[in-house]
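Visitor: coordinates for the following, if possible.
(chains A and B)
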Protein chains: 2
Amino acid sequence: MNGQHNAPIGIFDSGIGGLLVMKQLVKLLPKESCLYFADSGRLPYGDKGRQTIIRYSIENSIFLLEKKIKILVVACNTATAHALDTLQALFKLPIIGTVEPGAQRAVEKTTHGRIAVLGTQGTIASECYQKAILKIAPKAAVLPIACPLFVPLVEENYFTSPAARLIVQDYLNPLKKARIDTLLLGCTHYPLLADLIRDVVGDQIALVDSATSCADAVAAALEGHGLSYDGEGLPSYGYFVSDDTEKFRQRGTQFLEMPIENVHGIA
Amino acid sequence: MNGQHNAPIGIFDSGIGGLLVMKQLVKLLPKESCLYFADSGRLPYGDKGRQTIIRYSIENSIFLLEKKIKILVVACNTATAHALDTLQALFKLPIIGTVEPGAQRAVEKTTHGRIAVLGTQGTIASECYQKAILKIAPKAAVLPIACPLFVPLVEENYFTSPAARLIVQDYLNPLKKARIDTLLLGCTHYPLLADLIRDVVGDQIALVDSATSCADAVAAALEGHGLSYDGEGLPSYGYFVSDDTEKFRQRGTQFLEMPIENVHGIA
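Guide: Numbers count the residues shown, from 1 in each chain, chains lettered A, B, ... in the order given. This is a model prediction of the structure:
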């Protein structure tokens, strides 16, 4: 057996949102080890410039590549939107982002081809979801909506307040007239707002979560490249953080829904 | 005359908030040149860890010191709270932060010694304002309030919405019972919310702005160190930004209220 099989999956995000992708991966692939890098010292990514995000994504990728990962997961929609092409052109290993899997899932779910996409300013401005959906379903109607305050609301644990509801209503106001049937949450933070969003948009609209579909795509890619691990021993999980490790451990545990140990700060 | 006199004032902030300090400086000291560094590639500073902010502040300071500035202005409350002592111990030039001048002004304004301080999580957790106020006025009662969503509201230009009003009311709720007479805005972003805050707290409370008092302290320090410039020629202004320069130029112009040219991106 090739030694590469038991190498870890490498995952990066600007912060803790990508832990929702890792949670799905742990569920789907319980024998695989994971290394997670949270660039929390430079978050958020959503409203920063394209060149800045490309630079950060390359740095984060090299950091994980040096740890001998077998596949790289860009568990951040903004980084996927701006940098996935660059990373795939630079590095040899398989690299999976959030956008294509999310777009694929939305197209599978839609009944009338009317899909709204919520994302950060960077993700929406890049038009990545629009392009990815139209590539699979050229007749789909896509309504993109930038929701720049959703990440701060989640990061600050403020998403059950009346103000959060007003902000969600305000951002989702364009949906009223648009008769969409599917709503794609194009940011790994947004599943934490799913209950509130569901409440505002009603039960008739299908919600698609880019974290879950990204994890499915990682499992398929490992299988496709013959890189899956199904051997002996327990998996190991390690975490690297560019800001305070204790805050990551505390908040991250809520996202990952399992204890977080083995957290290393990097400067 | 010493060549140092016509060296520029160096100013750094996590983003555009510190331009409010620079605006006051330009008004007070129209002959002085300024170099402004916005670390917008790593903003916000308010909820990041102490060691991270110290590291960023040292890097920002060295960047400006290499440009031969004559005085350094830490135009960010979080950076002042965590890093001013370290910077003053490391570097030889005069270094002015926002906290002491703001505390001094609040003590001058208060009628009954009851002062509330609004700030980011980092500023409030550091207790810097509490300590600075009690050092000058040991009998003062200080009520610190962390307002972590104020910076995102300002950055996203969302501060005239009903949701912004709800968030301000929510954060300032503890003021109702506290009978304070003075409210210190301990973050350079918050003056943009001053009208809304004024509306929520009423006319009886004095509002103190740390940006204005910081600029006054810089003028006094230049005078005190014999570093003021009053010679010939027009002042020059230069800007360095660690994220997208165009976004800085556009949003910054609203803060500075004069055209921004000469903006350089740094990686």
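Visitor: CA only for contacts and neighbour counts going forward, please
Guide: Fine.
Visitor: could you pull out the helices for chain A?
Guide: All helices of chain A, identified by DSSP state H, fall at A:19-28, A:50-65, A:77-90, A:99-109, A:121-126, A:128-136, A:150-155, A:162-172, A:175-178, A:194-201, A:210-224, A:245-256.
Visitor: which of the ones you listed sits most buried?
Guide: Across those, averaging neighbours per residue (mean count of other Cα atoms under 10 Å in any protein chain shown) puts helix A:99-109 on top, at a mean of 23.
Visitor: how far off helix A:210-224 does that helix point, in degrees?
Guide: 110 degrees (axes from the mean of the first three to the mean of the last three Cα atoms, to 10 degrees).
Visitor: quick one: average pLDDT of helix A:99-109?
Guide: For helix A:99-109, mean pLDDT is 97.
Visitor: nearest to chain B, of the helices of chain A?
Guide: Proximity to chain B (Cα to the nearest Cα) singles out helix A:162-172 among the helices of chain A, at 4.7 Å.
Visitor: can the closest one be said to contact chain B?
Guide: Yes - using Cα under 8 Å from any Cα of the partner chain, helix A:162-172 reaches chain B at A:162, A:163, A:164, A:166, A:167.
Visitor: can you redo those as CSV with distance to residue B:193 and pLDDT?
Guide: Formatted as CSV, the residues of helix A:162-172 next to chain B follow (distance: Cα to Cα, whole Å; pLDDT from 0 to 100):
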residue, distance to residue B:193, pLDDT
A:162, 20, 93
A:163, 16, 94
A:164, 18, 95
A:166, 19, 95
A:167, 17, 96
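Visitor: my read: residue A:236 touches residue A:33, true?
Guide: Yes - here residue A:236 reaches residue A:33: they are 4.8 Å apart, a contact under Cα atoms under 8 Å.
Visitor: neighbour count: these two, which is higher?
Guide: Between residue A:236 and residue A:33, residue A:33 has the larger neighbour count (other Cα atoms under 10 Å in any protein chain shown), namely 20 against 12.
Visitor: gap between the two ends of stretch A:142-154?
Guide: 25 Å (Cα to Cα, to the nearest Å).
Visitor: for chain A, what lies in contact range of chain B?
Guide: Going by Cα under 8 Å from any Cα, the residues of chain A near chain B are A:40-44, A:48-52, A:148-149, A:152-153, A:156, A:162-164, A:166-167, A:242-244, A:267.
Visitor: try 6 Å this time
Guide: A:42, A:49, A:52, A:163, A:166, A:243, A:244 (Cα under 6 Å from any Cα of the partner chain).
Visitor: as a markdown table, those with distance to residue A:184 would be great.
Guide: A markdown table is the format used below for the residues of chain A next to chain B (distance: Cα to Cα, whole Å):
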| residue | distance to residue A:184 |
| --- | --- |
| A:42 | 26 |
| A:49 | 23 |
| A:52 | 26 |
| A:163 | 23 |
| A:166 | 20 |
| A:243 | 30 |
| A:244 | 31 |
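Visitor: residues in contact with the nearest residue to residue A:238 once chain neighbours are set aside?
Guide: Distance criterion Cα to Cα, 6 or more residues apart in numbering or on different chains; nearest residue to residue A:238, sequence neighbours excluded, is residue A:35 at 4.8 Å. In this structure, residue A:35 makes contact with A:10, A:237, A:238, A:239, judged by Cα atoms under 6 Å, 6 or more residues apart in numbering or on different chains.
Visitor: out of those, which is most surrounded?
Guide: residue A:10 (26 neighbours).
Visitor: and the pLDDT for it?
Guide: 98.
Visitor: please name the residues that touch it.
Guide: Counting by Cα under 6 Å, 6+ apart, residue A:10 has contacts A:34, A:35, A:69, A:72.
Visitor: now do 8 Å
Guide: A:34, A:35, A:36, A:37, A:64, A:65, A:69, A:70, A:71, A:72, A:73 (Cα atoms under 8 Å, 6 or more residues apart in numbering or on different chains).
Visitor: try residue A:164
Guide: Counting by Cα under 8 Å, 6+ apart, residue A:164 has contacts A:153, A:158, B:163.
Visitor: okay, the residue of the stretch 1-150 of chain A found nearest chain B and residue A:245: tell me how far apart.
Guide: For the stretch 1-150 of chain A and chain B, the shortest gap (Cα to the nearest Cα) falls at residue A:42, measuring 4.3 Å. Separation of residue A:42 from residue A:245 (Cα to Cα): 14 Å.
Visitor: picking that back up, just name the closest of the residues of helix A:162-172 next to chain B to residue B:141, please.
Guide: residue A:163 (30.2 Å; Cα to Cα).
Visitor: how much space separates that closest one from residue A:120?
Guide: 19 Å.
Visitor: residue A:200 against residue A:169, yeah?
Guide: Yes - using Cα under 8 Å, residue A:200 makes contact with residue A:169 at a distance of 6.5 Å.
Visitor: identify the contacts common to these two.
Guide: With Cα under 8 Å, 6+ apart as the test, residue A:200 and residue A:169 reach no residue in common.
Visitor: list the contacts for the closest residue in space to residue A:188 that isn't next to it in sequence?
Guide: With Cα to Cα, 6+ apart as the criterion, residue A:188 has its nearest non-adjacent residue at 4.9 Å, and that residue is residue A:17. Contacts here follow Cα under 8 Å, 6+ apart; on that basis residue A:17 touches A:75, A:76, A:188, A:189, A:255.
Visitor: could you check the pLDDT of the spatially closest residue to residue A:102 that is not a sequence neighbour?
Guide: Nearest residue to residue A:102 in three dimensions, chain neighbours excluded: residue A:210, at 4.6 Å (Cα to Cα, 6+ apart). Per-residue pLDDT puts residue A:210 at 88.
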